[in-house]
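Asks: Mind folding the following:
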Amino acid sequence: MKQLWLGLLALMFLALPAQAQSPCDQATSFSHINATGPVEIAPPVASKRVYLCGMFIVQKGNTLDLNVLVGHGTNCADDQRQVMRLEFPNDVAVSNRIERVGPVSDAGYAMCIQTTGSNAKLGGVIYWAQF
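Replies: Below you'll find the predicted structure:
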């Protein structure tokens, strides 16, 4: 019986996630009333990658959708790539935190957000890291 408990304890330790990752320690808040962007939220750093860690978003009124992009240049204008597109119904709140993240870009890219739609209010916080 003692061996069974020791074996289960050993399996539990193997199943715990590794803590070697850098923390998601950055947050950028935003508030948009109409379509905007792209707007830079994570600046480019030549030797670092950007990691998207989650978001809290509140949308009120008509649909105003959110694009998360990466790119070079002012406000991700050059070599732009879409990371995700979120299409919201009227009057919604979304919260998401990602436990383990991978890079959304190669080193040297900025991360930006862009809103599309009209006559709505979209605000929130984007959580991110850069290392």
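Asks: In contact with residue 104, which residues?
Replies: Each residue near residue 104 by Cβ atoms under 8 Å, 6 or more residues apart in numbering is listed here: 49-52, 68, 70, 83, 111. The C-beta positions use only the backbone N, C-alpha and C, and glycine is treated the same way.
Asks: Among those residues, which ones are in strands?
Replies: 50-52, 68, 70, 83, 111 (DSSP state E).
Asks: Switch the residues you listed over to a markdown table; also include distance to residue 77 and neighbour count.
Replies: Formatted as a markdown table, the entries for the ones in strands among the contacts of residue 104 read as follows, by distance: Cβ to Cβ, whole Å; neighbours: other Cβ atoms under 10 Å:
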| residue | distance to residue 77 | neighbour count |
| --- | --- | --- |
| 50 | 16 | 26 |
| 51 | 22 | 23 |
| 52 | 20 | 23 |
| 68 | 15 | 21 |
| 70 | 12 | 25 |
| 83 | 16 | 15 |
| 111 | 13 | 27 |
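Asks: Farthest pair within those?
Replies: 51 and 68 (12.0 Å; Cβ to Cβ).
Asks: And stretch 60-69, how far out from the chain middle?
Replies: Distance of stretch 60-69 from the chain centroid (Cα atoms, centre = their mean, to the nearest Å) equals 15 Å.
Asks: actually stretch 95-103, sorry about that
Replies: Averaging C-alpha coordinates over stretch 95-103 and over its chain gives two centres that are 7 Å apart (Cα atoms, centre = their mean).
Asks: swap in stretch 26-35?
Replies: Per Cα atoms, centre = their mean, the displacement of stretch 26-35 from the mean C-alpha position of its chain is 13 Å.
Asks: swap in stretch 44-62?
Replies: In this view, stretch 44-62 has its centroid 4 Å away from the chain centroid, taken as Cα atoms, centre = their mean.
Asks: Enumerate the positions of that stretch that are buried.
Replies: Of the residues in stretch 44-62, 44, 48-59 count as buried by neighbour count, 16 or more other Cβ atoms under 10 Å.
Asks: Out of the residues you listed, which is nearest to residue 101?
Replies: Lowest distance from residue 101 to the buried residues of stretch 44-62 (Cβ to Cβ) belongs to residue 51, with 4.4 Å.
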